[in-house]
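S.K.: predicted model and sequence follow; I will ask about them next.
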Amino acid sequence: MENQFIYGYRTITRLLKKMYGLVVNPKKGYRIMKEKGWLCRTRPKKVPNLGRPYYVTENKLDRNVQADKPLEKLITDMTYFYFGNCKLYLSSIMDLYNREIVAYTISDCQDTDFVLDTLNQLNVPQGALLHSYQSSVYTSKAYFQACTEKGIIRSMFRKGTPADNACIEWFHSVLKSETFYLHHWRNLTKDSITDIVKNDITFYNETRMQQKLNNQSPVQYRKLAA
């Protein structure tokens, strides 16, 4: 059973029960994993403030992150990765129905075209809700027009309410911690980091189980619910 040190002891005990029928007390699981050096190697990292907003819409999501069907409610955000003295940026869009990453772009330039590349990957029904920060790239005229053309309803969180974006911030934190602490990022090339991030997003979508999804991966959950 491979986990690359990305699962905590509670998840490992659930995984043992799911895959092998083994019932292990979480405290015992923690003790064994600590003795063997198998504990989860994850650490969250904050995303930077991206600047002054230009165009702001109201908060229509209002912390109601539950969705009844795929592509009903989406949330988007950006994060970054260091390599050498440079940065790579990741723009992601998450489907709140099953926490699946349905679109993403990796770039060394953090501008409006960067987030538009991610948005243009979407094929969503009319009236889908897209929630974001009040960053200038999301409040730009170009981004607003692109969403309007797709029939997407915009929503932006209010300042001082970071919980509105908690789901996708958690994903970015997991992605960075589950890759950063397993690879020597400073010594990798841009292409190498890009490949690692792509592979880990695929792993997150198709394999990494989540307790909120009944211990299924996002893709497994979507297929079982279909």
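M.R.: Nice, I can see it. Note that the structure is predicted; figures quoted are calculated from it, not measured.
S.K.: can you tell me the centre-most residue of this structure?
M.R.: By Cα atoms, centre = their mean, the chain has its centre lying nearest to residue 171, at 3.2 Å.
S.K.: which secondary structure element contains that residue?
M.R.: helix 166-180 (DSSP states H and E).
S.K.: just read off the phi/psi values of residue 210.
M.R.: Backbone torsions for residue 210, taken as degrees, to the nearest 10, come to phi -130, psi 140.
S.K.: returning to that earlier point: residues of the helix holding residue 171 that come out buried?
M.R.: 167-169, 171-180 (16 or more other Cβ atoms under 10 Å). Yep, even glycine has a C-beta here, placed from its N, CA and C like the rest.
S.K.: mean confidence for that helix?
M.R.: Mean pLDDT, computed over helix 166-180, is 86.
S.K.: same thing with stretch 135-142?
M.R.: pLDDT averaged over stretch 135-142 gives 90.
S.K.: put the alpha carbons of it into PDB.
M.R.: Only the C-alpha atoms of stretch 135-142 are listed here, as PDB (Å, rounded to 0.1, in the frame of the first residue of the first chain):
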ATOM      1  CA  SER A 135      -8.100  39.700  -6.700                       C
ATOM      2  CA  SER A 136      -7.500  42.000  -9.600                       C
ATOM      3  CA  VAL A 137      -7.200  39.100 -12.100                       C
ATOM      4  CA  TYR A 138     -10.700  37.800 -11.100                       C
ATOM      5  CA  THR A 139     -12.200  41.300 -11.000                       C
ATOM      6  CA  SER A 140     -10.900  42.300 -14.400                       C
ATOM      7  CA  LYS A 141     -13.200  43.200 -17.300                       C
ATOM      8  CA  ALA A 142     -11.800  40.300 -19.400                       C
END
